[in-house]
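Student: starting from these lines, generate the structure:
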Amino acid sequence: MNASAEAIAAKPSTVTADKLGQDQSTATTVGEITSANPRMRCREVNVWYDDNHAIKDVSLDIGQNEVISMIGPSGCGKSTFLRCLNRMNDTISTARVEGSIQLDDQEIQDKSIDVVPLRARVGMVFQKPNPFPKSIYENIAYGPRIHGLTNSRAELDELVETSLQRAGLWKEVKDRLDASGTSLSGGQQQRLCIARTLSVSPEVILMDEPCSALDPIATAIIEELIDELRAQYTIAIVTHSMQQAARVSQRTAYFHLGDLVEVGTTDDIFNQPQHKLTEDYITGRFG
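Tutor: Presented below is the predicted three-dimensional model:
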């Protein structure tokens, strides 16, 4: 940590926010919450599980063609916030979400929004690989079929191949597409799940600790894939690995006890954090 870190950390937290319409965010986050080219804009997002206030007035942009990492101690709210971005918290009966979450200026919290097409546009890759108990081919073909994305078997075949290629899996499975998706190794299963997400043409990809169950070699492959996908997609990743955040992301957001404490370029967060909580976490004093 640089010599001035303690002095910087001792300064009062500053507020950095832009306006959504005429309303200014009340977030007390240190750093720039906005993005020059946002795909998603979150303002004053709050989440409760019954009486537990899990997310507290979080405001953050998710930018086009960037990877943003969300880091922080276990239970800090980063995965809860990630699930807000495609309304996965709707599946939890005790969860209540308030605030504004926009995808390309469309309010996804609106009751008129159909979550099925929303979750195609904002896809999720989970912590543990969860391939369907179907063939490799059918794992990829399932989503395009239910969303009516192809008109013929030839188009579907092409989409399956393209999705597997984008996920870096095609060469490994092209001769056994009829094999069960669960027969693949853990790293291959995770890439299959990424291919399944890509098959329905998402705009944003959410990843909730996608490498936590993988070995270092499989993790490296997934990280290289994330870097390649950034050219076409917007990616938000929750990770417990600060090394991974440093490797794959351009921006990093640090969460603590439901608050978004600090956000900035990944280089600044890891080398010149402005908030003492961020510095303490980065340097291993807690977490």
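
Student: what residues sit buried inside stretch 39-54?
Tutor: Buried positions in stretch 39-54, judged by neighbour count with 16 or more other Cβ atoms under 10 Å: 39-47, 54. To be clear about C-beta, it is placed using only N, CA and C from the backbone, and glycine gets the same treatment.

Student: nearest to I101 among these?
Tutor: Ranked by distance to I101 (Cβ to Cβ), these are led by C42 at 5.0 Å.

Student: now that closest one: phi and psi?
Tutor: Main-chain dihedrals, C42, degrees, to the nearest 10: phi -110, psi 130.

Student: and D90, by the same measure?
Tutor: Here is the backbone geometry of D90 (degrees, to the nearest 10): phi -60, psi -20.

Student: show me what contacts the closest residue to it other than its chain neighbours?
Tutor: In this structure, D90 finds its nearest non-sequential neighbour in V115, 6.3 Å apart by Cβ to Cβ, 6 or more residues apart in numbering. By Cβ atoms under 8 Å, 6 or more residues apart in numbering, the contact list for V115 reads 86-87, 90.

Student: check what pLDDT V115 gets.
Tutor: For V115, the pLDDT comes out at 95.

Student: how about Y49?
Tutor: pLDDT, Y49: 97.

Student: my guess is G123 is in a strand, correct?
Tutor: Yes: assessed with DSSP: H, G, I helix; E, B strand; the rest coil, G123 lies in a strand.

Student: my read is that it contacts S199, right?
Tutor: No: contact criterion Cβ atoms under 8 Å: G123 and S199 do not qualify, at 9.3 Å.

Student: these two: who's more crowded?
Tutor: Neighbour comparison, G123 and S199: the larger count goes to S199, with 28 against 23 (by other Cβ atoms under 10 Å).

Student: for the more buried one, list the residues it contacts.
Tutor: Listed by Cβ under 8 Å, 6+ apart, the contact set of S199 reads 140-141, 143-144, 149, 159-160, 163.

Student: ditto for R121
Tutor: 86, 103, 202-204.

Student: 6 Å instead, please
Tutor: Neighbouring residues of R121 by Cβ atoms under 6 Å, 6 or more residues apart in numbering: 202-203.

Student: per-residue pLDDT, it?
Tutor: We have a pLDDT of 96 for R121.

Student: same deal with R176?
Tutor: What the model reports as pLDDT for R176 is 97.

Student: and it, that's in a strand?
Tutor: No: according to three-state DSSP, R176 belongs to no strand; its state is coil.

Student: can you give me the neighbour number for the closest residue to it other than its chain neighbours?
Tutor: Computed as Cβ to Cβ, 6+ apart, the closest residue to R176 that is not its neighbour in sequence is I136, at 6.9 Å. By other Cβ under 10 Å, the residues close to I136 number 29.

Student: try the one 3 residues further on
Tutor: Look at N139: counted by other Cβ under 10 Å, it has 26 neighbours.

Student: so it is in which element?
Tutor: Element membership for N139, per DSSP states H and E: helix 136-146.

Student: buried set for that helix?
Tutor: Within helix 136-146, the residues that qualify as buried are 136-141, 143-144, counting by 16+ other Cβ under 10 Å.

Student: now do the helix or strand following that helix, average pLDDT.
Tutor: Per DSSP H and E, helix 136-146 leads on to helix 153-166 as the next helix or strand towards the C-terminus. Helix 153-166 shows an average pLDDT of 97 in the prediction.
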